[in-house]
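Participant: mind looking at a prediction? Sequence and model below.
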Amino acid sequence: MKRIKTAVFPVAGLGTRFLPATKTVPKEMLPVVDRPLIQYAVDEAIDAGCDTLVFVTNRYKHSVADYFDKAYELEEKLERAGKHAQLEVVKNVLPNGVRAVFVTQTEALGLGHAVLCAKPVVGDRPFAVMLPDDLIWNGKKAGALRQMIELAGERGGSVVAVEDVPQEKTASYGIVEAPEFDGRAGRVRSIVEKPSPAEAPSTLAVVGRYVLQPRIFELLEQTGAGSGGEIQLTDAIATLLGEDQVHAYRFHGTRFDCGSHLGLIEATIRFALDHEQLSAGAARAMRLALDELGVVEHG
Ligand code: G1P
């Protein structure tokens, strides 16, 4: 299989769940400890060997482009002040040899449509799609995307990341049916976007990581509006199943749904407790808050 060098980041969503913060700050720029959500996804793509990052944005998301732009003045100031550690951090937002490309999605027609907007940049090669809301943490070990690219290299075809969700949550996800699932991976027989718990073929939910063959673009061009009146990536993948292999892969790592308040809070707690300098202080603050507020867990 051709090497996967391009990752597409659909970041044109409105982020209404995080209003009022997202009135001016795109949800991808919300921080977990000291880095915006988008940086975690970008680092995972780079860890997986990608060198071309395609951001599908809209006219309200200039700050995403600004963030990945070179900050000459800031770098010079840090240099002059001898703040070398911070300088490295700023420079590594986008390491040398990695380029960012911005594509505009002029209308919010759905995730499938956003991915299709990246077609002129991706061209005729397999590529990755990463939804930065899904923050996946695997400590210092291989990121989820790297694991998926390895699987695609071994088995060919496309790969979608999955994890188990409670039955009552199926209507929030793409759900796959993978009868030969061996605990870690299995070929997808069917995939459906946001089925009700009664209709869901399983509880294996797609999370925001995909390795896709370029054929998906032609299929997206033929895909009409689906769930929620939007052009769904899931529907194009469902068509792809008829012609090529698609594998479901349960990655090593923990996924935080940072598209929800609680997910963002969980990620913040986890990254703070895992942080070299902040860990002890964060643990103390959490204990203190639990004691002072008398928080007890119910169910
Ligand atoms: C999208 C996909 C869905 C997938 C989910 C993962 O939905 O359409 O299939 O399970 O991302 O986060 P969204 O969360 O954008 O509604």
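Facilitator: That came through fine. Numbering: from 1, shown residues only.

Participant: so how far is stretch 182-191 off the chain centroid?
Facilitator: 20 Å (C-alpha atoms, centre = their mean, to the nearest Å).

Participant: and V160, what does it touch?
Facilitator: V160 sits next to 174, 176, 188, 191, 206, 209-211, 237, 246-249 when contact means C-beta atoms under 8 Å, 6 or more residues apart in numbering. Backbone N, C-alpha and C define where each C-beta goes, glycine included.

Participant: and the ligand, which of these contact it?
Facilitator: 174, 206 (C-beta under 6 Å from any ligand atom).

Participant: can you report how many residues neighbour the nearest residue in space to H84 that is not next to it in sequence?
Facilitator: Closest residue to H84 apart from its sequence neighbours, by C-beta to C-beta, 6 or more residues apart in numbering: L78 at 7.8 Å. L78: 19 surrounding residues under other C-beta atoms under 10 Å.

Participant: you'd agree L78 is up against V89?
Facilitator: No. Between L78 and V89 there is no contact under C-beta atoms under 8 Å: 9.2 Å.

Participant: next, the residue nearest to H84: secondary structure please.
Facilitator: Recorded secondary structure, L78: helix (DSSP: H, G, I helix; E, B strand; the rest coil).

Participant: next: V162.
Facilitator: Three-state call for V162 (three-state DSSP): strand.

Participant: give me the pLDDT for it.
Facilitator: We have a pLDDT of 97 for V162.

Participant: now it: how far from the ligand?
Facilitator: Relative to the ligand, V162 is positioned 9 Å away (C-beta to the nearest ligand atom, to the nearest Å).

Participant: show me what that residue is bridged to.
Facilitator: With DSSP bridges applied, V162 shows beta-bridge pairing to V206, R250.

Participant: in stretch 82-98, which residues are buried?
Facilitator: By neighbour count with 16 or more other C-beta atoms under 10 Å, stretch 82-98 contains the buried residues 87, 93-94, 98.
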